[in-house]
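here is my input; please provide its structure:
(one chain, ligands or ions: 1)
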Amino acid sequence: MYVGRFVVVGPDVGAYRVSSRSFPNREITAREDALTVGPTADAPETDNPYVSYNCLRVVETPTGETAAFGNGSHVDPIAEKLELGYPARDALAESLLALDYEKDDYNTPRIAAMIGDAGEALIGTVRKDALLVETVEEPTLVATYEKDSPESFGLEADGAEAAASEVYDLEFEHAVCAAGVARTEDGFETAIENGD
Ligand SMILES: NC(=O)c1ncn([C@@H]2O[C@H](COP(=O)(O)O)[C@@H](O)[C@H]2O)c1NC=O
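Prediction:
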């Protein structure tokens, strides 16, 4: 099954996977304050605005650290609103709605998730027909296609590296790269899985 990009999030661990038919030559790199999806050195040039973006950011909010992740440029306003102290629900809903679903051939939804340092976790998506933002108590998945409403998902990983490799290895077709994030006693740890 092809579900496109997806996030999984629970109170302690989260992950984001890029699956792609149209632009598989991509990788995640660690920048100073973000994990970024972008083309590999040998990738053909593209002007597709949805190919490169910060997919995961860890920010300081007025109440502690928070990790935000998703499938596009909405991750930045979500992170910035969380830094400003917006309630997590509002940061997700306002940013998803402001940027809205992608105006491509598939009306691709935007998906997002966050984990706060007290274990508060939320997931959200904006589709052509809906805006959904939910608090989650157990690992939950939402994808761009097919599984496009949040559903319970048995993520077993208990660390960032394990989460990135677990979602990368899932059976869903056209895996490209993945990021993982986990809450630890010393703040959030992140990890990247770019395959072989
Ligand atoms: N975020 C991404 O990495 C991403 N990659 C591709 N897209 C969009 O999804 C469309 C379909 O891509 P694909 O056939 O690779 O699933 C692309 O034309 C593009 O508009 C993306 N946008 C949302 O998921």
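
off-centre distance for the longest helix seen in the chain?
Ordering each helix of the chain by length in residues (DSSP state H) puts helix 88-99 first. Helix 88-99 sits 14 Å away from the centroid of its parent chain (CA atoms, centre = their mean, to the nearest Å).

give the rounded mean pLDDT of it.
For helix 88-99, the mean pLDDT works out to 98.

following that helix, which helix or strand comes up?
strand 110-116 (DSSP states H and E).

for that following strand, name the packing helices and strands.
For strand 110-116, the helices and strands in contact under the criterion 3 or more CB pairs under 8 Å, 6 or more residues apart in numbering; DSSP states H and E are strand 6-9, strand 13-19, strand 64-70, helix 75-84, helix 88-99, strand 121-127, strand 140-143. (C-beta placed from N, C-alpha, C; glycine too.)

quick one, it and strand 121-127 angle?
Relative orientation of strand 110-116 versus strand 121-127 (axes from the mean of the first three to the mean of the last three CA atoms, to 10 degrees): 170 degrees.

strand 110-116 pairs with which strands, and in what direction?
strand 64-70 (antiparallel), strand 121-127 (antiparallel) (DSSP bridges).

list the contacts for the residue nearest the centre of the chain?
Among the residues of the chain, Gly70 comes closest to the average C-alpha position under CA atoms, centre = their mean, at 2.6 Å. With contacts defined as CB atoms under 8 Å, 6 or more residues apart in numbering, Gly70 is in contact with Val7, Tyr16, Cys55, Ile78, Arg110, Ile111, Ala112, Ala113.
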